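# Sequence first, then the predicted structure, then my questions.
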Amino acid sequence: MANGRRTEEQRFTIRHALIMLTTFAFGVALLVGGLIRFNDHRVLGDRGVVTTATVLELGRKSAEVRFVSLSGETVTARVHDQGSGPYEVGGPMSVSYDPDDPAGRVEDVDGTNAAITRWLYTVSGLGIIGLNVFGAWWWSTRGRTAGARARRRN
């Protein structure tokens with residue numbers, strides 16, 4: 001550090017900050033998504049009503065279904081991460097729905113794929129956030145002096 005200033009390789013640039021902020025935000029989004037899915041699953045476990053729905057449309061990771069709620073209302077909803085059952089358009093799917101929000105909180109009863117997704121989102125989000133915190137700590141304690149040590153060796 002000549003004259004108390006950092007050399008170019010020692011500077012924490014705006015580019016570094018933007019990369020860290022972007023990956024941190026992505027980690028937070030994954031974590032929040034996982035926690036929301038865990039909460040939905042918990043709510044459906046507490047007060048969910050199981051019924052048979054008709055599959056209207058099958059996507060790669062979701063299905064659109066229609067069912068009749070306890071109040072007699074016909075509900076069309078999207079089920080994300082449907083199970084691995086042999087579903088086909090027009091066929092049945094057992095779903096659990098929240099009577100307070102029948103179109104918004106619906107889950108396939110065979111929720112094996114949903115469980116994997118909940119854990120994947122949550123653990124990935126925590127991992128990315130942890131790596132960002134470690135990177136910030138490393139830079140604040142060791143990264144600043146790495147360039148100076150390298151110059152002393154030369």
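Arrived safely, thanks for sending.
# in this structure, which spans are strands?
Ranges of strands in the chain, per DSSP state E, are 49-58, 62-68, 74-80, 92-98, 101-108.
# partners of the residue nearest to G91 when sequence neighbours are not counted in the sheet?
Ranked by C-beta to C-beta, 6 or more residues apart in numbering and with sequence neighbours excluded, the top spatial neighbour of G91 is V55, at 5.3 Å. Every C-beta, even on glycine, is put in place using the N, C-alpha and C of the backbone. Assessed by DSSP bridges, V55 has beta-bridge partners V65.
# V55 reaches G90, doesn't it?
Yes. The pair V55 / G90 is scored as a contact, 6.6 Å apart, by C-beta atoms under 8 Å.
# Contacts only, for L44.
For L44, the contact set (C-beta atoms under 8 Å, 6 or more residues apart in numbering) comprises S96, Y97, D98, R105, E107.
# List the buried residues of the longest helix anywhere in the chain.
Ranked by residue count under DSSP state H, the longest helix found in the chain is helix 14-47. Residues M20, F24, G27, L30, L31, G33, G34, R37, D40, H41, V43, L44 are the ones in helix 14-47 that count as buried (16 or more other C-beta atoms under 10 Å).
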